[in-house]
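Student: Sequence plus the predicted model coming up.
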Amino acid sequence: MIAAVEVEWLKLRRSPLVWIVTAVVLVGIPALRVTLMASALYGDPTTPTAIKVKAMVPSTDFAGLIGITGQVLSVGSLVAVGLVLAWSFGREFTDRTVASLFSLSVGRGTIAGAKFVVLLAWGAAINVVAVFVATIGVLLLRLGAPGAAELGIKAMTVGLLAVLLALPLGDVASAARGYLPAIGALILRVVSPPH
């Protein structure tokens with residue numbers, strides 16, 4: 001299992017998709033959160049954008065920024081990890097290299113387990129860093145940080161639950177023999193209304 005995890009970690013590190021998705025989560029999503037908070041704090045409260053932001057941001061203090069962090073991470077983590085999961089599990093089918101997995105001394109179940117372990121670790125890491133970046137945004141906006149640890153843990157928990165919600169997409173990619181059906185399932189999961 002350790003060798004399989006090392007190989008999957010190497011594939012993950014060398015993938016341009018992973019680097020792009022990581023950059024979007026670590027830079028784009030925190031920038032969106034800080035922009036929404038700055039709009040709520042300093043924008044004209046009568047504009048349509050400010051009215052929409054006020055509905056999303058419960059308060060304009062640290063709790064509000066961490067609240068918006070949890071909201072954005074709930075969807076952002078699902079999409080980010082879902083895309084990488086779909087690619088990771090569907091790549092061998094699309095590239096037509098899946099037959100080479102049968103000749104390895106490591107079983108396919110072990111390879112799938114290694115993929116899940118590596119992707120869970122990566123998803124957890126980007127969530128922790130995203131919440132840390134949001135905390136830096138709090139310092140830049142001078143909002144103060146009462147209850148920072150508890151609120152940060154809640155936002156990270158939401159992001160980590162979204163990562164777990166993305167895990168079945170690996171099964172979809174494997175069963176459908178490609179990453180496009182898994183991306184379709186991801187889109188359905190994001191846009192479908194809650195029951």
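Tutor: Arrived safely. Residues are numbered from 1 along each chain as shown.
Student: Please give the element, helix or strand, for the most centrally placed residue in the chain.
Tutor: Geometric centre of the chain, nearest residue: Ser77, 1.9 Å, by CA atoms, centre = their mean. If you go by DSSP states H and E, Ser77 is part of helix 62-94.
Student: what about that helix, average pLDDT?
Tutor: Regarding helix 62-94, the rounded mean pLDDT is 82.
Student: how about that helix: buried residues?
Tutor: Within helix 62-94, the residues that qualify as buried are 62-73, 76-93, counting by 16 or more other CB atoms under 10 Å. Placement of C-beta: from N, CA and C, glycine included.
Student: Can you give me the distance of the residue nearest to the centre of the chain to Ala185?
Tutor: 16 Å (CB to CB, to the nearest Å).
Student: all helices in this protein, in order from the N-terminus.
Tutor: Ranges of helices in the chain, per DSSP state H, are 2-14, 16-23, 29-42, 48-56, 62-94, 108-141, 148-166, 168-176, 179-191.
Student: Can you say which of these is packed in most?
Tutor: Per-stretch averages of neighbours, counted by mean count of other CB atoms under 10 Å, single out helix 62-94 among the helices of the chain, with a mean of 23.
Student: Who are the packing partners of it?
Tutor: helix 2-14, helix 16-23, helix 29-42, helix 108-141, helix 148-166, helix 168-176, helix 179-191 (3 or more CB pairs under 8 Å, 6 or more residues apart in numbering; DSSP states H and E).
Student: Quickly, which of those bottoms out on average pLDDT?
Tutor: Among these, helix 29-42 has the lowest mean pLDDT, at a mean of 75.
Student: counting contacts, what elements does that one pack onto?
Tutor: helix 48-56, helix 62-94, helix 108-141.
Student: would you list those helices in TSV and tack on distance to Leu167?
Tutor: Listed next are the helices and strands packed on helix 29-42 as TSV, based on distance: least, CB to CB, whole Å:
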stretch	distance to Leu167
helix 48-56	27
helix 62-94	7
helix 108-141	7
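Student: Identify whichever of those lies nearest to Leu160.
Tutor: Closest of the helices and strands packed on helix 29-42 to Leu160 is helix 108-141, at 5.8 Å (criterion: CB to CB).
Student: what packs against the closest one?
Tutor: helix 2-14, helix 16-23, helix 29-42, helix 62-94, helix 148-166, helix 168-176.
Student: if we go to 6 Å?
Tutor: When contacts are defined as 3 or more CB pairs under 6 Å, 6 or more residues apart in numbering; DSSP states H and E, helix 108-141 packs onto helix 2-14, helix 29-42, helix 62-94, helix 148-166.
Student: and the angle from the second one to helix 108-141?
Tutor: Interaxial angle, helix 29-42 versus helix 108-141 (axes from the mean of the first three to the mean of the last three CA atoms, to 10 degrees): 30 degrees.
Student: same deal with the first one?
Tutor: Interaxial angle, helix 2-14 versus helix 108-141 (the same axes, to 10 degrees): 40 degrees.
Student: now swap in the third one and tell me
Tutor: Regarding helix 62-94 and helix 108-141, their directions subtend 150 degrees when assessed with the same axes, to 10 degrees.
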